[in-house]
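Q: how would this look folded up:
(one chain, ligands or ions: 1)
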Amino acid sequence: MRDFLADLQRLEEAGSGAIRAAAAIDRLEEVRVEILGRKARLTQLLRSVRDLPPEHRRTAGSEANRVKQRLQELLEQRTAELTADQKEEGPEVDLTLPGRPRWRGARHPCTLVTDEICGIFKELGFVRARGPEAETTWYNFTALNTPLDHPAADEQDTFYLDADVVLRTHTSPVQARVMEKTKPPVRIVVPGVVYRRDPFDASHAPAFDQIEGLAVDEGINFVEFKATIGYFVRRFFGEDTATRFRPSFFPFTEPSAELDVSCAICHGEGCSACKGTGWVEIMGAGMVDPAVFDNVGYDSERYTGYAFGMGVGRIAMLRYRIPDIRLLYEGDVRFLGQFARA
Ligand code: DAH
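A: Model (predicted):
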């Protein structure tokens, strides 16, 4: 009997200690199972009362029940305390955390470069024009003196939406669209996205930005073109930038040329951006072929003009030293967010 009572006392002390020490509701539930559960020592003691000699049963029984009741009360108390604590804590807000900056958009590098280029041409009297991205084969090829069976059409053979409708492969069709609706003189720049059956690699993208330019009037010659483009290049890339025209071929210009600028990164010494040559090609250009004037109803005996088309991505890569064109077209905000805020 003395053992029985001593056991009880030990359980009462240990139990109330464990209840007080429980710092969370989950832990308190574990404590409850440990001290009052079916396998708990106290439960066993209560069960063993009937095995005691009859004269001890009453005292043992009532003492064991008292301990059980006391522990139950303590558990309830502690449960109430812990739930109150939790409520006081409220939602998990850490007022010491720095504020979250509000997300602000940035202009895409191609947009920045496009705006700058169109801004320079605006000073020279060029206005912006736009045209559709889903273009008819007439405007994309035929009006530009490129028969559909011409190898130049093959080279750009691309995303057809219909037998006669294609995602435009260049911004040049807008030349024809504008000339059809406007009498000379015409001076336009045409920014826009174009589509090609090109791989997506470090220097190609299947959809990319171009700017087309067109100037038509009486008496325009190659000298005016060179002067205009030279002015643009020095304004955009810097006074010390050299230019170089190379003969080329486009069905819609005659003569045709490609324009290189001295590499803005290595200043002509040769680096990976210019593949060691010191020059970077930035546009195709030429004097508008009289056949194009005939196609849009301009008098090709009276008018002359020049046209050019440049790749905005390549120019943005030079301006911002971007090593891979895919960075421009993957839409990763960690990259794009580095450019000037809108
Ligand atoms: N449209 C040509 C291209 O995408 C670029 C071009 C070349 C445009 C010569 C022109 C031009 O206006 O005269 O490859």
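
Q: and the nearest residue to T79 once chain neighbours are set aside, how many neighbours?
A: If you skip the residues right next to it in sequence, T79 has L28 as its closest partner in space, 6.2 Å away by Cβ to Cβ, 6 or more residues apart in numbering. Where you see a C-beta, it was placed from the backbone N, CA and C, and this is true even at glycine. Per other Cβ atoms under 10 Å, the neighbour tally for L28 reads 18.

Q: L28 contacts L82, doesn't it?
A: Yes. Contact criterion Cβ atoms under 8 Å: L28 and L82 qualify, at 6.3 Å.

Q: give the residues shared as contacts by these two.
A: Counting by Cβ atoms under 8 Å, 6 or more residues apart in numbering, the common neighbours of L28 and L82 are A22.

Q: contacting residues for the residue of the stretch 1-150 of the chain found nearest the ligand?
A: When distances are taken as Cβ to the nearest ligand atom, the stretch 1-150 of the chain reaches nearest to the ligand at L144, 8.0 Å away. L144 makes contacts with S172, P173, Q175, A176, P251, F252, V292, N295, as judged by Cβ under 8 Å, 6+ apart.

Q: the second one: what's it in contact with?
A: In this case it means P173. Counting by Cβ under 8 Å, 6+ apart, P173 has contacts G131, E135, Y139, N140, A143, L144.

Q: could you find the closest non-adjacent residue to it?
A: If the residues on either side of it in the chain are set aside, P173 comes closest to Y139, at 3.6 Å by Cβ to Cβ, 6+ apart.

Q: any buried residues in stretch 166-180, and which?
A: Applying a neighbour-count criterion of 16 or more other Cβ atoms under 10 Å, the buried positions in stretch 166-180 are 166-179.

Q: compile these into CSV and extend it with columns for secondary structure and pLDDT.
A: Formatted as CSV, the entries for the buried residues of stretch 166-180 read as follows, by DSSP: H, G, I helix; E, B strand; the rest coil; pLDDT from 0 to 100:
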residue, secondary structure, pLDDT
V166, strand, 93
L167, strand, 95
R168, coil, 96
T169, coil, 95
H170, coil, 96
T171, coil, 98
S172, coil, 98
P173, helix, 98
V174, helix, 98
Q175, helix, 98
A176, helix, 98
R177, helix, 98
V178, helix, 98
M179, helix, 98
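
Q: and the two most separated of those residues?
A: The largest distance within the buried residues of stretch 166-180, taken as Cβ to Cβ, falls between L167 and M179 and amounts to 22.0 Å.

Q: circling back to that earlier point, so is the residue nearest to P173 in a helix, a strand, or just coil?
A: Reducing the assignment at Y139 to three states with DSSP: H, G, I helix; E, B strand; the rest coil gives helix.
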